[in-house]
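Student: fold the following and give me the result.
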Amino acid sequence: MKLMTFTAPTPAQALKAAQRECGEDALVVSTKQIRKKSLSQPALYEVVVAIEDRPPAAGKKGGSAASGEKTARKRHSRKESAEDPEEVLVHISEAARQISEIANVSAPPPRPRVQVEVEEEPAGGRHKEREVEELREIKSELVKLADKVKLIQNMVWEEKKPARPGMVPPEFAEIYRIAKKSGMDPMHLDEIMRLTLEHMPLQMRSSTQTVRRYFKTLLRKMVPVRIERELVPPQKRILMLVGPTGVGKTTTLAKLAARYAYMMEKKYKVGIITLDTYRIGAVEQLMQYAKMMRIGIEAVVDPPEFLTALQTLQHMDIILIDTVGSSQYDKEKIEKLQQFLSTHTDVGIDVSLVMGAPTKLEDLRTIYGNFSLLGIDTLIFTKLDETRGFGNIFSLVYETEKPVSYFSTGQEVPDDLMCADSDYLVECLMEARARKERR
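Tutor: From the prediction side, this is the model:
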């Protein structure tokens, strides 16, 4: 075994000289700086490599000429290599070189190999240890190459807009695809991605798990919810449910009535008023619910009767008001609901807009815009069990900044109703399904 020393202003140049002189089989023993850079002279690095001491081949004619020709080739090779860039990729695959060239990123000099003491050992044992060492070196280089590729991808990602799916790095690709497929507005998704990259620490981007966790945390902070608070006497609450036809307002009202009257830690006195006298059987359906739960109910058709019904139920803690469903384009019916809300009461009326989760985002925007004449306080979303996309809910809440109060996850009264929770909505969005939870 023979030791050879090479010096150069940079470790990369010294390694390059060693590789050029000794070939790929040389083993790096040590790399160190022997002179620091100063104003008058450059830094100097020393690389020591070990090569097998092989005797020259004998008995071949023309050996001297062949040796001279080989020396000439080496000198010619050195002349060509002197024109190469100083920063070179040593012991890295051609794929890594291509990636670095495409991204216009120079690869840093390779880390020195672990210092190895050279000792005289039996030939078999030395060969086996060298094979083990080579396998370790290969594994180490693969790990460094993977890290380098991710770093380059992140650098490219930061320079491009996330609106171009082709530029999304692998660690962001999964959440981008899920969020886009969920029905979320693309502009909102791009904004969230921008915020994620802006505030997310660089070291967290190397793992898809940490990226997903950070993304979900950011989504949760963007979903306002109305927390259900306990009423303290003499506090009262009047809640009116409004919304288009077919979204389940009456069923949702029955669930709320059962929840307030029987399912909460504190049992409230609940009364019901229905303004839905247009639908055949609507009053009978609600009266049946009220009878089963032993809750008082009043049916009215005009504002004066509405005021009388409120006075009749004034001893109740909570009054729930069911309204007639109307198209979001039927301005006449919406304006008539406004007349009921204009009735003077000692307690303000909390207006909750009820909408179906399977509704397209554009339709949700239209529904909210036309019903906003009534002064929407909170949002209730129903039929979460009938869809696999929840991005539309997120986008509407994000745009309107109106809090969500309840989620309905099925037809069962009173079980399939839960208080709104940002964690739950984000989990539904990322998992593309709703779970039935009773809260």
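
Student: now do residue 297 against residue 290, distance only.
Tutor: 4 Å (C-beta to C-beta, to the nearest Å). From N, CA and C alone the C-beta is placed, and that goes for glycine too.

Student: for residue 306, report the pLDDT, please.
Tutor: In this model, residue 306 is scored at 91, pLDDT.

Student: next secondary structure after the one helix or strand it maps to?
Tutor: Following DSSP states H and E, one finds residue 306 within helix 303-312. Downstream of helix 303-312, the first helix or strand assigned by DSSP H and E is strand 318-322.

Student: other SSEs contacting that following strand?
Tutor: Under the contact criterion of 3 or more C-beta pairs under 8 Å, 6 or more residues apart in numbering; DSSP states H and E, strand 318-322 touches strand 237-242, helix 249-258, strand 270-274.

Student: what residues are shared contacts of residue 297 and residue 290?
Tutor: residue 272 (C-beta atoms under 8 Å, 6 or more residues apart in numbering).

Student: the two: which is more packed in?
Tutor: residue 297 (22 against 19; other C-beta atoms under 10 Å).

Student: list phi and psi for the more buried one.
Tutor: phi -140, psi 140 (degrees, to the nearest 10).

Student: please report the distance of residue 361 from residue 385.
Tutor: Applying C-beta to C-beta to residue 361 and residue 385 gives a distance of 19 Å.

Student: again, but for residue 27
Tutor: Look at residue 27 and residue 385: by C-beta to C-beta, they are 65 Å apart.

Student: one more: residue 216?
Tutor: Counting by C-beta to C-beta - residue 216 and residue 385 are separated by 22 Å.

Student: same question, residue 182
Tutor: 16 Å.

Student: for residue 209, same thing?
Tutor: 28 Å.

Student: neighbour-wise, which of these two wins?
Tutor: residue 385 (17 against 9).

Student: report the contact partners of the more buried one.
Tutor: Counting by C-beta under 8 Å, 6+ apart, residue 385 has contacts 409-410, 416, 434, 436.

Student: likewise residue 359?
Tutor: Residue 359 makes contacts with 367, 392, as judged by C-beta under 8 Å, 6+ apart.

Student: apply 7 Å and report the result again.
Tutor: residue 392 (C-beta atoms under 7 Å, 6 or more residues apart in numbering).

Student: show me the shaky parts of the chain.
Tutor: Under the criterion pLDDT under 70, the flagged ranges of the chain are 1, 25, 39, 53-127, 143-144, 146-172, 206, 277-282, 344-345, 435-439.

Student: show me where it has its helices.
Tutor: Taking DSSP state H as the test, the helices found in the chain are 11-22, 63-81, 94-103, 123-159, 170-181, 186-199, 208-221, 249-258, 282-293, 303-312, 331-341, 361-371, 391-400, 422-431.

Student: out of the ones you listed, nearest to residue 34?
Tutor: Judged by C-beta to C-beta, the one of those that comes nearest to residue 34 is helix 11-22, at 10.4 Å.

Student: helices or strands up against that closest one?
Tutor: strand 2-8, strand 44-51, helix 63-81 (3 or more C-beta pairs under 7 Å, 6 or more residues apart in numbering; DSSP states H and E).

Student: burial measure for the residue lying closest to residue 26 once chain neighbours are set aside, as a count.
Tutor: Leaving aside its sequence neighbours, residue 26 sits nearest to residue 49 (C-beta to C-beta, 6 or more residues apart in numbering; 4.3 Å). Residues lying near residue 49 (other C-beta under 10 Å) number 25.

Student: check residue 225 too.
Tutor: By other C-beta under 10 Å, neighbour count at residue 225 equals 21.

Student: which ones are touching it?
Tutor: 403-404, 420-422.

Student: at 8 Å instead, please
Tutor: 403-405, 419-422.

Student: could you do residue 369 as well?
Tutor: residue 328.

Student: now residue 361: closest residue in space that isn't a chain neighbour?
Tutor: residue 392 (4.0 Å).

Student: rewinding a little: any residues touching the helix holding residue 306, and which ones?
Tutor: For helix 303-312, contacts defined as C-beta under 8 Å, 6+ apart pick out 238, 273, 275, 296, 298, 300, 319, 339-340, 342-345.

Student: try it again at 6 Å.
Tutor: With C-beta atoms under 6 Å, 6 or more residues apart in numbering as the test, helix 303-312 has contacts from 273, 298, 300, 339-340, 343, 345.

Student: with stretch 175-188 instead?
Tutor: Applying C-beta under 6 Å, 6+ apart, the external contacts of stretch 175-188 come out as 168, 189, 212, 215, 361, 389-392, 394-395, 398, 429-430.

Student: in stretch 6-23, which residues are buried?
Tutor: 6, 8, 10-19, 22 (16 or more other C-beta atoms under 10 Å).

Student: hang on, the earlier thing: out of the contacts of residue 225, which comes closest to residue 355?
Tutor: Nearest member of these to residue 355, counting by C-beta to C-beta, is residue 404, at 10.3 Å.

Student: show me what counts as buried in stretch 416-433.
Tutor: Result for stretch 416-433 [16+ other C-beta under 10 Å]: buried residues 416-422, 424-430.

Student: need the max-distance pair from these.
Tutor: 417 and 430, at 22.6 Å, using C-beta to C-beta across the buried residues of stretch 416-433.

Student: pull the number of nearby residues for residue 412.
Tutor: 13.

Student: and residue 377, by the same measure?
Tutor: Residue 377, neighbours per other C-beta under 10 Å, totals 17.

Student: check contacts around it.
Tutor: 350-351.

Student: recalculate using a threshold of 8 Å.
Tutor: Going by C-beta under 8 Å, 6+ apart, the list of residues near residue 377 reads 350-352, 402.

Student: taking these, please make a PyMOL selection of just the buried ones.
Tutor: In PyMOL, a selection of the buried entries from the contacts of residue 377 looks like this (16+ other C-beta under 10 Å):
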select buried, resi 350+351+352+402
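
Student: now, among the contacts of residue 377, which is nearest to residue 254?
Tutor: residue 352 (14.5 Å).

Student: the closest one contacts residue 237, correct?
Tutor: No - using C-beta atoms under 8 Å, residue 352 makes no contact with residue 237, being 11.3 Å away.
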